[in-house]
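Asker: Sequence and predicted model, in that order:
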Amino acid sequence: MTGSVADLGDLERLDDEVRVRFTRRFHHSPEKVWKALTDREHVNQWFPTDIEGDWAPGAPLRFAFREHDLPAFDGEVVAYDPPSLLEFRWGDELLHFELRPDGDATMFTLLVTFDEVGKVARDSGGWHQCLDILKHALEGEAPPPEDKTAWKDLFSRYTERFGPETATIGPPPGIGYDE
């Protein structure tokens, strides 16, 4: 089982947007967490795709999956303010990362704005799992073995938490979660 109930994201419904807020407290400086967000070597330890492009507002980004046979897709840097704010388009979704010092730790917030309500539970389970892996990467630990049951459990938990309308779109073909 990955993550705790306290770590579950919160669904926010705004006028014509749906987003999920994930909050974590990492026992590391904002600079170390920032490096994990923006340094390619560190990003590849926890983020689901390779990221090609420069960290500059307006710069195009390209995302390619390392572990799944899925097509690459594009995005764009929206905001970049080291070491506190990173925002970019990840395909049709908007990822907004905020870091703020909290004593000797960092309060970390990820806001994911979704283009379709039906994939909120699916993708929330995925982002939750990524943040669990990020925590291990920051600690210099290998993550626990990832298996399909971790995502399936998180998907079920997010479906229950957010409602069945957030789980009408399953994983893309080729991911293997449906096996």
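Answerer: That came in fine, so what should we check first?
Asker: Can you give me the buried ones in the helix or strand bottoming out on mean pLDDT in the chain?
Answerer: Here the helix or strand of the chain ranked lowest by mean pLDDT, DSSP states H and E is helix 148-162, holding a mean of 86. Using 16 or more other Cβ atoms under 10 Å as the test for burial, helix 148-162 gives A150, W151, L154, F155, R157, Y158, T159, R161, F162. C-beta: built from backbone N, CA, C; applies to glycine.
Asker: just the residues you listed now: which is nearest V18?
Answerer: Of all the buried residues of helix 148-162, V18 sits closest to F162, with 9.1 Å by Cβ to Cβ.
Asker: L131 versus the closest one, what's the distance?
Answerer: Separation of F162 from L131 (Cβ to Cβ, to the nearest Å) stands at 17 Å.
Asker: Over to T159?
Answerer: 18 Å.
Asker: give me phi/psi at D81?
Answerer: As for D81, its main-chain torsions (degrees, to the nearest 10) stand at phi -140, psi 80.
Asker: Which positions are bridged to it in the beta structure?
Answerer: Residues in a beta bridge with D81, per DSSP bridges, are L85.
Asker: burial count for N44?
Answerer: Neighbourhood size, N44 [other Cβ atoms under 10 Å]: 14.
Asker: List the beta-bridge partners for the closest residue to it other than its chain neighbours.
Answerer: Distance criterion Cβ to Cβ, 6 or more residues apart in numbering; nearest residue to N44, sequence neighbours excluded, is D50 at 6.6 Å. D50 has these beta-bridge partners by DSSP bridges: A64.
Asker: Tell me who's in contact with D50.
Answerer: By Cβ atoms under 8 Å, 6 or more residues apart in numbering, the contact list for D50 reads R40, N44, F63, A64, F65, R66.
Asker: For ChimeraX, write a command that selects the buried ones of these.
Answerer: Here is the ChimeraX command that selects the buried residues among the contacts of D50 (16+ other Cβ under 10 Å):
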select :63,65
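Asker: Give me the lowest-pLDDT entry from the contacts of D50.
Answerer: For those, the weakest pLDDT value sits at R66, with 84.
Asker: Next one, pLDDT for the residue most central in space within the chain please.
Answerer: Centroid-nearest residue in the chain: W127, 3.6 Å away (criterion: Cα atoms, centre = their mean). pLDDT recorded at W127 is 94.
Asker: go on, V5?
Answerer: On the pLDDT scale, V5 gets 59.
Asker: which residue of this protein sits farthest from its center?
Answerer: For the chain, the largest distance from the centre (Cα atoms, centre = their mean) belongs to G103, which lies 24.4 Å off.
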